[in-house]
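Below: sequence and its predicted model.
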Amino acid sequence: MKRYPQFALRFDPSQIDELAKQYGYADDKDALEAGERLLAGDYGVENLKEIVRWKSARRIGLIKKNDPSILASTLKHATSEHVTVKVAIDKLDELHGVGIPMASAILTMARPDVYTIIDFRALEGLGVKKWPKTSAFYEAYLGECRELAKQYNKTLRTLDRASW
């Protein structure tokens with residue numbers, strides 16, 4: 001397994017809750033509801049578009065280019081509780097308009113207790129400026145975020161919002 005630089009919080013852990021309250025994105029309620037619908041078996045493009053709109057609205061046009069049946073089967077497979085992190089990220093990354101950061105957002109909205117979002121803002125909060133956009137790196141990042149959340153008794157979403 002390839003080693004990556006050690007992730008470290010770039011802020012005082014006692015500030016996690018306060019920083020999370022300052023979270024810069026608009027409310028993620030609609031995206032989380034779309035993720036719940038995905039888990040309930042509604043793999044239509046509208047749920048995906050809701051998540052994409054929340055994360056990066058400019059990518060919606062790219063998402064629309066995916067074949068609806070391939071999109072549905074990919075979403076079903078990637079959000080399954082039996083799929084590995086690597087497979088889930090890689091499958092979503094195969095969709096038109098989805099990269100590693102967007103794949104992590106889709107998975108996070110569907111299963112916020114299991115996944116977290118990776119992007120340059122969250123990584124800067126952990127001291128990482130450059131990163132390889134690979135599923136292997138996401139796995140390492142997710143593992144570290146899970147450990148930090150556990151260590152500080154926070155949810156992955158709270159830690160993500162604070163890191164952002």
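Ah, there it is. Numbering: from 1, shown residues only.

would you list every one of the helices in the protein?
For the chain, the helices defined by DSSP state H cover 16-21, 29-39, 45-56, 60-63, 68-78, 85-93, 100-110, 120-124, 135-151, 156-163.

Restricting to C-alpha, output the fifth one in CSV.
C-alpha atoms of helix 68-78 as CSV (Å, rounded to 0.1, in the frame of the first residue of the first chain):
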residue,chain,number,x,y,z
PRO,A,68,-30.0,6.8,-17.6
SER,A,69,-29.7,3.0,-17.3
ILE,A,70,-25.9,3.1,-16.8
LEU,A,71,-26.3,5.9,-14.3
ALA,A,72,-28.9,4.0,-12.3
SER,A,73,-26.9,0.8,-12.2
THR,A,74,-23.7,2.7,-11.2
LEU,A,75,-25.5,4.5,-8.4
LYS,A,76,-27.1,1.3,-7.2
HIS,A,77,-23.8,-0.5,-7.1
ALA,A,78,-21.7,2.4,-5.7
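
re the thing from before, nearest approach to Arg10 belongs to which of the helices of the chain?
Across those, Arg10 has its closest neighbour in helix 120-124 (7.1 Å, Cβ to Cβ). The C-beta positions use only the backbone N, C-alpha and C, and glycine is treated the same way.

Contacts for that closest one, please.
Helix 120-124 has contacts (Cβ atoms under 8 Å, 6 or more residues apart in numbering) with 10, 116, 129, 131, 141, 160, 163-164.

try stretch 104-112
With Cβ under 8 Å, 6+ apart, stretch 104-112 has contacts from 28, 31-32, 34-36, 38-39, 48, 51-52, 54-55, 75, 78-79, 81, 88-89, 92, 98, 114-119, 138, 155-157, 160.

Please apply the same query to stretch 8-17.
Taking Cβ under 8 Å, 6+ apart as the rule, stretch 8-17 contacts 19, 124-127, 148, 152, 154, 158-159, 162-163.

if we can go back for a sec, now the contacts of helix 120-124: which count as buried?
Of the members of these, the ones counted as buried by neighbours, 16 or more other Cβ atoms under 10 Å, are 116, 131, 141, 160, 163-164.
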